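A.B. asks: What would the 3D arrangement of this be:
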Amino acid sequence: MSTQKIWDLHMVYDGLVSDEFLAHTKGLAESIAQEPGVIWKIWTHEEGTNHYGSTYLFIDQEHLEIYKAMHIERLNAIGITEITDHVFDIMEDLSRINNAPLGKGTGST
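C.D. replies: Presented below is the predicted three-dimensional model:
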């Protein structure tokens, strides 16, 4: 198993998805790209609902926990309180067979 961790986050956002909101999220995405320990993030939305989510790959549990605490606080500050999440270990050998983008430090090329 890898020391890398997957953080799978789901939330309900009842706010308005305006041009201003989308511009803010673009800035947020650029900021997340610079966060220590974040290898990648996939943004998700269930069409026709107010359900949003993210799946992250972190270099390790320590970086994940630091980021998670900060991000949950940030979500709460904009009124998002219905949040569920899970932290997963990566089954690297099987994931490689299916071309998973595991990132640096996993032995992938």
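A.B. asks: Select the helix or strand of the protein having the lowest average pLDDT value.
C.D. replies: Here the helix or strand of the chain ranked lowest by mean pLDDT, DSSP states H and E is helix 19-32, holding a mean of 89.
A.B. asks: Need the pLDDT of the residue positioned nearest the centre of the chain.
C.D. replies: Nearest residue to the geometric centre of the chain (CA atoms, centre = their mean): Tyr56, 3.4 Å. Reading off the confidence values, Tyr56 has pLDDT 98.
A.B. asks: doesn't Trp7 make contact with it?
C.D. replies: Yes: under the criterion of CB atoms under 8 Å, Tyr56 is in contact with Trp7, at a separation of 4.4 Å. No exception for glycine: its C-beta is placed from N, CA and C like everyone else's.
A.B. asks: Give the intersection of the neighbour lists for those two.
C.D. replies: Common neighbours of Tyr56 and Trp7 are listed as 64, 67 (criterion: CB atoms under 8 Å, 6 or more residues apart in numbering).
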